[in-house]
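quick one: sequence plus predicted model below, questions after.
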Amino acid sequence: MGLFDFARKDKSAERQTLDNGLAKTKESFFQKLTKSILGKSTVDDDVLDNLEETLITSDVGVDTTLKVIDKLQDRIRRDKYISTSELNAILRAEIAQLLRRPLDNMPATFDAPLPCKPYVILVVGVNGVGKTTTIAKLAYRYKQAGRNVMLGAADTFRAAAVEQLMLWAERVDVPIVQQGMNADPASVAYDTLQSALAKGSDIVIIDTAGRLHNKVGLMNELTKIRRVMQKLVPDAPQETLLVLDASTGQNAVEQARQFTAATDVNALALTKLDGTAKGGVIIGISDQFKVPVRYIGLGEKMTDLQIFNPDEFVDSLFE
């Protein structure tokens, strides 16, 4: 038994979940990376070309890939020589740098002190990306951390969306405010905050319509929700959380482009990382849109939603 066997034993349950959730991405990424340096001892133009292809086909994205390659070329020009054995460490550092984004006063853990009360999370995203289950997992994680949580069912475009959130609220055992299908989403949001203030809730999570209609309609709807909430909590929402399905790769990038153009997204949740080899999409989305990845979904269990730690993510990816 070697040193690294002890290190594996000492891993936290959350880190083990992260390692397991990234298994497919790690396997795919390192298979491609190994091929890109096969038979080489130094990083030359051929290695850089192969590495560029590796990053692009790992869904890191063209712009972000070129940024990484440019940094490597700068390093080669400066040091005159990079061995392939050094490449992992350099890539690791560059990717970690791309993923580090300021959290704008968001709590670093589920039990960290909150900057205000209630702390409001407005959730946006298209149907099918895991938006409702992400809300349920968020409610569960914050409740397990000792928070009083309230949900608001402001996705009133589909009756099923309201019913599904009500079912999750019952399972997680948190209160929910809803007015049924076709109700005014802003009215639901207002009532949710009013109830949260009356009951002393710590966390308020509000669902919104899961359709990517035209930008003007989306912007108007979300702007109205913000405006009415701010009558009660002046700086609400603290998080405008865009939920994306990591398994859709570049389609997730396009959704991020649409939603960030339509509203002030300041946090991202990437779901379904455990079922995909396309986890590299996190790197490109974070870099391209300058928005921090806030939460990652790594499995079906309620505890499989984690607050994203870029250094832990990179450690796991390159381990």
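In hand now; what should we look at? None of the values given here were measured: they were computed from a predicted structure.

so where's the stretch 101-250 of the chain shaky on pLDDT?
By pLDDT under 70, the low-scoring segments of the stretch 101-250 of the chain are 212-215.

what ranges does it have for its strands?
For the stretch 101-250 of the chain, the strands defined by DSSP state E, counting those that start in this stretch occupy 119-124, 149-153, 176-177, 203-207, 239-245.

thinking D111 is in contact with R141, fair?
No - the criterion here is Cβ atoms under 8 Å, and D111 misses it with R141 at 9.5 Å. Heads up, the C-betas are built off the backbone N, CA and C, glycines and all.

which of those two has more neighbours?
R141 (23 against 13; other Cβ atoms under 10 Å).

from Q250, how far off is that one?
29 Å (Cβ to Cβ, to the nearest Å).

swap in Q288?
Distance from Q288 to Q250, by Cβ to Cβ: 11 Å.

contacting residues for the residue lying closest to P292 once chain neighbours are set aside?
Excluding its sequence neighbours, the residue lying closest to P292 (Cβ to Cβ, 6 or more residues apart in numbering) is R101, at 3.5 Å. When contacts are counted by Cβ atoms under 8 Å, 6 or more residues apart in numbering, R101 touches 286, 290-293, 310.

any chance of the strands of the stretch 101-250 of the chain in JSON lines with distance to K278 and mean neighbour count as columns?
As requested, the strands of the stretch 101-250 of the chain are exported to JSON lines (distance: least, Cβ to Cβ, whole Å; neighbours: other Cβ atoms under 10 Å):
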{"stretch": "strand 119-124", "distance to K278": "21", "mean neighbour count": "26"}
{"stretch": "strand 149-153", "distance to K278": "30", "mean neighbour count": "28"}
{"stretch": "strand 176-177", "distance to K278": "33", "mean neighbour count": "22"}
{"stretch": "strand 203-207", "distance to K278": "25", "mean neighbour count": "28"}
{"stretch": "strand 239-245", "distance to K278": "10", "mean neighbour count": "25"}
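
distance to G279 added to those, as JSON lines?
Shown next, in JSON lines, are the strands of the stretch 101-250 of the chain (distance: least, Cβ to Cβ, whole Å):
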{"stretch": "strand 119-124", "distance to G279": "21"}
{"stretch": "strand 149-153", "distance to G279": "28"}
{"stretch": "strand 176-177", "distance to G279": "32"}
{"stretch": "strand 203-207", "distance to G279": "25"}
{"stretch": "strand 239-245", "distance to G279": "12"}
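
for L268, give me its contacts.
Here L268 is in contact with 241-244, 256, 285-286, 291-295 (Cβ under 8 Å, 6+ apart).

closest to L222 out of those residues?
L242 (11.1 Å; Cβ to Cβ).

who does the closest one bridge with?
V124, L268 (DSSP bridges).

hang on, it packs against A269?
Yes - L242 lies in contact with A269 (Cβ under 8 Å); the separation is 7.2 Å.

Y295 falls within a helix, correct?
No - going by DSSP: H, G, I helix; E, B strand; the rest coil, the assignment for Y295 is strand, not a helix.

so what's the residue count around the residue lying closest to it once chain neighbours are set aside?
With sequence-adjacent residues excluded and distances taken as Cβ to Cβ, 6+ apart, Y295 is closest to A269, at 4.2 Å. Using other Cβ under 10 Å, A269 is surrounded by 28 other residues.

show me which residues of stretch 189-208 are buried.
For stretch 189-208, the neighbour count (16 or more other Cβ atoms under 10 Å) marks 189-193, 195-196, 201-208 as buried.

kindly report the same for stretch 47-57.
Neighbour-count burial for stretch 47-57 [16+ other Cβ under 10 Å]: 47-48, 50-52, 54-56.

please state the offset of stretch 162-175 from the chain centre?
22 Å (Cα atoms, centre = their mean, to the nearest Å).

keeping just the C-alphas, turn that stretch into PDB.
Output in PDB follows, covering the C-alpha atoms of stretch 162-175 (Å, rounded to 0.1, in the frame of the first residue of the first chain):
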ATOM      1  CA  VAL A 162     -46.200  23.800 -10.300                       C
ATOM      2  CA  GLU A 163     -47.300  20.200  -9.400                       C
ATOM      3  CA  GLN A 164     -43.800  18.900  -9.600                       C
ATOM      4  CA  LEU A 165     -42.400  21.600  -7.400                       C
ATOM      5  CA  MET A 166     -45.200  21.000  -4.900                       C
ATOM      6  CA  LEU A 167     -44.400  17.300  -4.800                       C
ATOM      7  CA  TRP A 168     -40.700  18.100  -4.100                       C
ATOM      8  CA  ALA A 169     -41.600  20.600  -1.400                       C
ATOM      9  CA  GLU A 170     -43.600  17.900   0.300                       C
ATOM     10  CA  ARG A 171     -40.800  15.400   0.000                       C
ATOM     11  CA  VAL A 172     -38.200  17.800   1.300                       C
ATOM     12  CA  ASP A 173     -40.600  19.100   3.900                       C
ATOM     13  CA  VAL A 174     -40.400  22.800   3.100                       C
ATOM     14  CA  PRO A 175     -43.200  25.300   2.700                       C
END
